[in-house]
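> Predicted model and sequence below, questions to follow.
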Amino acid sequence: MQPSKNLFGLVLSGGQSSRMGQDKGLLQYHGVTQRAHLYSLLQQVCERVYLSLRPCQEAELEGDFQYLLDELDVRGPLNGILSALQQHPQAAWLVVACDLPLVNASTLEKLVRERDSSKIATAYATTGSHLPEPLVAIWEPAAFAPALAFTETGKTCPRKFLLHTDIKLIHPADDEELYNANSPEEFAYITQKLHHGQQI
């Protein structure tokens, strides 16, 4: 699949990783850091790719990555998404979080193929669910103004924002592609799964 023009990739790696106890972006599931792995996957489908970082995190970068720093006074991943939309307002953003270790090239290609650019976003949801997964989704430029207004009411949950917005929901080939690893136990489970050749 050729990279899509004006579709930029964003690896969300600016979180505090408090439950994991270490930076989730620096964990290794696939032989390189998770943020480097996702960066490489996004380069296959996006015109440009950036890491989303909180200020001062850029000093710890382990490679030659383009990055964007969080600019807004907003808690959580919505800060990274809004900062990207604000810094490159002409682009749509394919966003992937570092705590999704089973996202693969097919996951991203399906998202790009099934994108509806007339919506605010195109997002995955598990089979039979109407709950969007905002951190493996394409956020269109039109998302910026309503998402910013949403944060100005004191709310910061990207899923709650998408639940009340005009979006397209799609479903993965396998729900495990959306598996969230946020604790040492979940990291161990996925590492063991991949080690035994059960990668989806």
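Noted; the coordinates are in hand. Quick caveat, the model's predicted, so the values are computed rather than measured.
> how distant is the helix or strand of the chain with the lowest mean pLDDT from the center of its chain?
Between all helices and strands in the chain, the lowest mean by mean pLDDT, DSSP states H and E belongs to helix 184-195, at a mean of 86. Its chain's average C-alpha position is 20 Å from that of helix 184-195, according to C-alpha atoms, centre = their mean, to the nearest Å.
> what's it in contact with?
20-21, 27, 29-30, 101-102, 179-181, 199 (C-beta atoms under 8 Å, 6 or more residues apart in numbering). Using the backbone N, CA and C atoms, a C-beta is placed for each residue, glycine as well.
> quick check, Trp86 in a helix?
Residue 86: Gln, not Trp. Yes - under DSSP: H, G, I helix; E, B strand; the rest coil, Gln86 falls within a helix.
> Please report the number of neighbouring residues for it.
13 (other C-beta atoms under 10 Å).
> Show the contacting residues for it.
71-72, 144 are the contacts of Gln86 under C-beta under 8 Å, 6+ apart.
> what kind of secondary structure is Ser117 in?
With three-state DSSP as the criterion, Ser117 reads coil.
> likewise Ala147?
Following three-state DSSP, the label given to Ala147 is helix.
> That one reaches Leu85, doesn't it?
Yes - counting by C-beta atoms under 8 Å, Ala147 touches Leu85, with 7.5 Å between them.
> residues shared between the contacts of those two?
With C-beta under 8 Å, 6+ apart, Ala147 and Leu85 have common neighbours Trp139.
> the helices in this protein, which residues?
When assigned using DSSP state H, the helices of the chain occupy the ranges 34-43, 77-87, 105-113, 144-151, 158-163, 184-195.
> Including distance to Pro132, could those go into CSV?
Shown next, in CSV, are the helices of the chain (distance: least, C-beta to C-beta, whole Å):
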stretch, distance to Pro132
helix 34-43, 19
helix 77-87, 13
helix 105-113, 12
helix 144-151, 13
helix 158-163, 4
helix 184-195, 21
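> and the contacts of helix 184-195 as JSON lines, adding distance to Thr127 and neighbour count?
Shown next, in JSON lines, are the contacts of helix 184-195 (distance: C-beta to C-beta, whole Å; neighbours: other C-beta atoms under 10 Å):
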{"residue": "Met20", "distance to Thr127": "27", "neighbour count": "19"}
{"residue": "Gly21", "distance to Thr127": "31", "neighbour count": "10"}
{"residue": "Leu27", "distance to Thr127": "27", "neighbour count": "21"}
{"residue": "Tyr29", "distance to Thr127": "23", "neighbour count": "18"}
{"residue": "His30", "distance to Thr127": "25", "neighbour count": "15"}
{"residue": "Pro101", "distance to Thr127": "19", "neighbour count": "26"}
{"residue": "Leu102", "distance to Thr127": "15", "neighbour count": "20"}
{"residue": "Tyr179", "distance to Thr127": "13", "neighbour count": "18"}
{"residue": "Asn180", "distance to Thr127": "16", "neighbour count": "13"}
{"residue": "Ala181", "distance to Thr127": "20", "neighbour count": "23"}
{"residue": "Gln199", "distance to Thr127": "19", "neighbour count": "14"}
